[in-house]
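Q: structure for the following, please:
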Amino acid sequence: MGTALSVWVGSAAAFLTTISFVPQAVHVLRTRHTHGISLPMYVLFTAGVALWLAYGVMIVSWPVIIGNVITLVLATIILHITWQNRRHPPQ
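A: As a prediction, the model looks like this:
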């Protein structure tokens, strides 16, 4: 799994990148407002996060796995709401 320092750095990176996503997810869940969100960007981003998760599983890196599971859930929620808003714009 690596040295203690590499695990600490990976954990800190996973925490920071994951927690940075929370305000966007909370805003979208609270307001359902996704007008400024790029649907193609979120599709690519969510696919990238899914691949990072697969990579984390392959190398058995818990910081990578946990961070990307949480980010994937949040990104999928935002992507779903954005997709719904494009198909059925809120009144």
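Q: okay, buried residues for the top helix by length along the chain please.
A: Across the chain, the longest stretch assigned as helix under DSSP state H is helix 62-87. With burial defined by 16 or more other CB atoms under 10 Å, the residues of helix 62-87 counted as buried are 63-72, 74-75, 78-79, 81-82, 85. Just so you know, the C-beta spots here come from the backbone N, C-alpha and C atoms, and that holds for glycine as well.
Q: one more: stretch 23-43?
A: Buried-residue list, stretch 23-43, by 16+ other CB under 10 Å: A25, V28, T34, I37, Y42.
Q: that stretch - what's its average pLDDT?
A: The pLDDT scores in stretch 23-43 average 92.
Q: quick one: contacts for M58?
A: By CB atoms under 8 Å, 6 or more residues apart in numbering, no residues touch M58.
Q: let me know the pLDDT of it.
A: So, for M58, pLDDT stands at 97.
Q: swap in M1?
A: 51.
Q: I'd say A25 and H80 touch.
A: No: applying CB atoms under 8 Å as the test, A25 and H80 come out as separate, 11.3 Å apart.
Q: what is the longest helix of the chain packed up against?
A: Secondary-structure packing of helix 62-87 (3 or more CB pairs under 8 Å, 6 or more residues apart in numbering; DSSP states H and E): helix 4-19, helix 22-31, helix 39-59.
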